[in-house]
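Undergrad: Need a 3D model of the sequence below.
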Amino acid sequence: MIYWIIVNYHSTDLIRRLIQSIAASESPEYRIIIVNNSPGDRSIWELESEQIIILDSPENVGFGRGCNLGLQWVWERDRDGCIWLINPDAIVPKQTPGKVLAVLHQNPQLSILGTAVYEPDGGVWFGGGEFIIKTGHIFQLQEITPSNLSWISTTWVTACSLLISLPTFRNCPKFDPNYFLYYEDFDLCLRYRKLGHQIGITPQIGVIHYPSSITGKTPHLKLQHSIYSYLLSLDKHAGSSVLFYRLLRIGIVACLTFPVRPQVSLAKLRGVWRYIRRSI
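TA: Numbers count the residues shown, from 1 in each chain. Modelled structure (predicted):
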């Protein structure tokens, strides 16, 4: 059984389109778990059915914690299942589920498997994730690595389209609840890699993503969350000197550019201050 987990935040129309693409795909037996991060918006309940389960969070708890609610729900019911986290603003091509699940079944050693993610025009939005620990540079490849293999190893994969094979875990895999938005997928992969889990990506198989159709509505809040989560990630996975350098650089650049781009600079400084306040 495959369990699709979707976190909703005022995205009913997008999720309806996503569900239609899943239903039209060559997906094996599945259930869809929608975690409702906007409990005041009841339109999402129009989608509920025997196959579609909706879990209300008490408030907007963020992406990672929202996913955790769905992960726990599945873990308590089927520890042999496969979980597929997918963004509301994505659609699933017809043959993608069957191809990706075949890779996972043929490689039971894989714990976390991401797919390639394409933009609507065919460009690559995500082709793998890398981390340069000496500089603190966390980035996603925007090209597909040529390979005849069905999957290749990568440092991290995006939660825009991420599969978790539950049988490889002793305890329910979860995101760090200290992340509200951004870099929680990077942290998830690095934490479980350190525990011996294998992380991979299907370089030739993917989904289609419509970037920023949700978070693009609040770009400055998005930037604030991104800065905070980036610094938190360096705190957890890089040396203190790298963290200090990046924190100082972000702060100085934000101050220097404040007269020109005050809203952008203020968002960056708020992200830095949020991280500092947490660390005190």
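Undergrad: Going by residue numbers, what spans are strands in the stretch 101-250 of the chain?
TA: Secondary structure of the stretch 101-250 of the chain by DSSP state E, counting those that start in this stretch: the strands cover 110-118, 124-126, 129-132, 137-140, 152-153, 161-165, 198-209.
Undergrad: Show me which positions of the third one end up buried.
TA: For strand 129-132, a neighbour-count test (16 or more other CB atoms under 10 Å) marks G129, F131 as buried. Bear in mind the C-beta positions are built from the backbone N, C-alpha and C, glycine included.
Undergrad: just for the stretch 151-280 of the chain, where's the confidence low?
TA: Per-residue confidence for the stretch 151-280 of the chain (pLDDT under 70) gives these ranges: 212-217.
Undergrad: Please, where are all the helices along it?
TA: For the stretch 151-280 of the chain, the helices defined by DSSP state H, counting those that start in this stretch occupy 184-194, 219-237, 240-256, 262-279.
Undergrad: Quick check: which of those is nearest to C82?
TA: Put simply, out of those the one that sits nearest C82 is helix 184-194, at 15.7 Å, with distance taken as CB to CB.
Undergrad: what angle sits between the closest one and helix 219-237?
TA: Going by axes from the mean of the first three to the mean of the last three CA atoms, to 10 degrees, helix 184-194 is angled at 10 degrees with respect to helix 219-237.
Undergrad: which helices and strands does helix 184-194 pack with?
TA: When contacts are defined as 3 or more CB pairs under 8 Å, 6 or more residues apart in numbering; DSSP states H and E, helix 184-194 packs onto helix 63-75, strand 110-118, strand 129-132, strand 198-209, helix 219-237.
Undergrad: For burial, what's the neighbour tally of F244?
TA: 11 (other CB atoms under 10 Å).
Undergrad: Columns distance to Y245 on top of the strands of the stretch 101-250 of the chain, output as CSV?
TA: Conversion of the strands of the stretch 101-250 of the chain to CSV gives the following (distance: least, CB to CB, whole Å):
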stretch, distance to Y245
strand 110-118, 29
strand 124-126, 27
strand 129-132, 13
strand 137-140, 12
strand 152-153, 28
strand 161-165, 30
strand 198-209, 27
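Undergrad: among those strands, which is nearest V260?
TA: Comparing the strands of the stretch 101-250 of the chain against V260 with CB to CB, the closest turns out to be strand 137-140 (24.9 Å).
Undergrad: Need the mean per-residue confidence for the closest one.
TA: Averaged across strand 137-140, the pLDDT comes to 96.
Undergrad: circling back: for the strands of the stretch 101-250 of the chain, which one sits closest to I34?
TA: Taking CB to CB as the criterion, strand 161-165 is the member of the strands of the stretch 101-250 of the chain that comes nearest to I34, at 16.3 Å.
Undergrad: Sheet-wise, list the partners of the closest one with their directions.
TA: Using DSSP bridges, the strands paired with strand 161-165 are strand 82-86 (antiparallel), strand 110-118 (antiparallel).
Undergrad: Verify the stated contact: Q72 with C172.
TA: Yes - contact criterion CB atoms under 8 Å: Q72 and C172 qualify, at 5.8 Å.
Undergrad: Could you identify which of the helices and strands packed on helix 184-194 is most buried?
TA: Stretch with highest mean neighbour count among the helices and strands packed on helix 184-194: strand 110-118 (a mean of 24; mean count of other CB atoms under 10 Å).
Undergrad: can I have it written out in PDB, keeping just the CAs?
TA: Extracted in PDB, the C-alpha atoms of strand 110-118 (Å, rounded to 0.1, in the frame of the first residue of the first chain):
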ATOM      1  CA  LEU A 110      16.800   2.400   0.200                       C
ATOM      2  CA  SER A 111      15.100   4.200   3.100                       C
ATOM      3  CA  ILE A 112      14.400   7.600   1.400                       C
ATOM      4  CA  LEU A 113      14.000   8.000  -2.300                       C
ATOM      5  CA  GLY A 114      13.300  11.300  -4.000                       C
ATOM      6  CA  THR A 115      12.300  11.800  -7.600                       C
ATOM      7  CA  ALA A 116      13.400  14.400 -10.100                       C
ATOM      8  CA  VAL A 117      11.200  17.400 -10.200                       C
ATOM      9  CA  TYR A 118      10.400  19.300 -13.400                       C
END
